[in-house]
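Peer 1: Below are the sequence and a predicted model for it; my questions follow.
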Amino acid sequence: MDKLKIRVNTREVLGKKVKMLRRKGITPAHIYGSRVKSLPLQVDTHSLEDILRRAGSTSLISLFIDDAKRSHKVMIADVQRDAISDELIHVDFQQVRMTHAVTVEVPLRFVGESPVAKSATVKLLKNMMAVSVECMPDNIPSSIDVDISHLDEANPTICVKDVDMPDGAKAVTNAESLVIKVYKPRLEVEETEAIEGAAEVTEAEEVEQKEESEKTSD
């Protein structure tokens, strides 16, 4: 991925007055973290949307404040949006120290094709779409591959401990947490039970009819 950078400005408009900024296409923001003074910021909304789209939750961003020539290395810590309009409300940037490991949520990417994909009786249930990993800031993976080509009824689950972590990354999520599994939909289980139950009733009726027939012949 290309190096990401954005220029922001210190913000003097605070509280409820920030609505005025949003109407002008400016999003309120904040920076905090190690060795940086917590500071209110404002940033052009169009530029910020582009950065959010490209960076996700795992990429490092070079953030320049006002006319500074040196940047702060930050990550997107929190994004607030309007629940109805999806308009950006506020963004938090967290500064990181390049010499210290960070813990981040990394999305999972399911690769390969499971034999189950061709089955009409069983399905795949994805229980987890991201895992927490610890790594150095300049070694954060954009995603982690999960090979599902061996998933079948004989090998029905993949847990975090079964996922190969990229070099330099260590899983923080519980090793026993379920990532994906093979399962039989409940409807099909109920149909199978109903068929088996009907078969048992039919067999019982046949036995009963046979007993009645023997009594009649006697």
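Peer 2: Yep, it's here. The model shown is predicted, which means the values in this text are computed figures rather than measured ones.

Peer 1: where along this protein do the strands fall?
Peer 2: 4-10, 26-33, 39-44, 61-65, 72-81, 88-95, 102-111, 123-126, 130-135, 144-147, 157-159, 170-171, 178-183 (DSSP state E).

Peer 1: can you tell me which of those strands the model trusts least?
Peer 2: When those are compared on mean pLDDT, strand 123-126 scores lowest, with a mean of 88.

Peer 1: and it, which strands flank it?
Peer 2: strand 178-183 (antiparallel) (DSSP bridges).

Peer 1: which residues touch the closest residue to Q94 other than its chain neighbours?
Peer 2: Closest residue to Q94 apart from its sequence neighbours, by C-beta to C-beta, 6 or more residues apart in numbering: A77 at 3.9 Å. Any C-beta I mention is one placed from the backbone N, CA and C, and that applies to glycine too. Going by C-beta atoms under 8 Å, 6 or more residues apart in numbering, A77 touches 32, 92-94.

Peer 1: Tabulate those (TSV), appending distance to D138.
Peer 2: Output for the contacts of A77, formatted as TSV (distance: C-beta to C-beta, whole Å):
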residue	distance to D138
Y32	21
D92	21
F93	17
Q94	15
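
Peer 1: from those residues, which single one is nearest K5?
Peer 2: Nearest to K5 among the contacts of A77: F93, at 12.3 Å, using C-beta to C-beta.

Peer 1: wait, the closest one sits on M75?
Peer 2: Yes. The pair F93 / M75 is scored as a contact, 7.3 Å apart, by C-beta atoms under 8 Å.

Peer 1: Now for those two: what residues contact both?
Peer 2: With C-beta under 8 Å, 6+ apart as the test, F93 and M75 both reach I61.

Peer 1: neighbour-wise, which of those two wins?
Peer 2: F93 (25 against 22; other C-beta atoms under 10 Å).

Peer 1: what sits opposite the more buried one in the beta ladder?
Peer 2: Beta-bridge pairing for F93 (DSSP bridges): I31, I76.

Peer 1: Nearest spatial neighbour of Q95, chain-adjacent residues omitted?
Peer 2: G33 (3.3 Å).

Peer 1: That neighbour: how many residues sit nearby?
Peer 2: Residues near G33, counting by other C-beta under 10 Å, number 18.

Peer 1: what do you get for P185?
Peer 2: Around P185 there are 12 other residues, counting by other C-beta under 10 Å.

Peer 1: And it, how close does it get to T157?
Peer 2: With distances taken as C-beta to C-beta, to the nearest Å, P185 is found 17 Å from T157.

Peer 1: ok, the closest residue to H90 other than its chain neighbours - contacts?
Peer 2: Sequence neighbours aside, Q80 is the residue nearest to H90 in space, at 4.4 Å (criterion: C-beta to C-beta, 6+ apart). By C-beta under 8 Å, 6+ apart, Q80 lies in contact with 88-91.

Peer 1: so what's H30 up against?
Peer 2: 38-41, 90-93.

Peer 1: hmm, I was thinking of L48
Peer 2: Per C-beta under 8 Å, 6+ apart, neighbours of L48: 6, 27, 29, 88, 91.

Peer 1: can you redo the strands of the chain as CSV with distance to R54?
Peer 2: Shown next, in CSV, are the strands of the chain (distance: least, C-beta to C-beta, whole Å):
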stretch, distance to R54
strand 4-10, 6
strand 26-33, 16
strand 39-44, 15
strand 61-65, 9
strand 72-81, 11
strand 88-95, 14
strand 102-111, 14
strand 123-126, 25
strand 130-135, 18
strand 144-147, 19
strand 157-159, 29
strand 170-171, 25
strand 178-183, 26
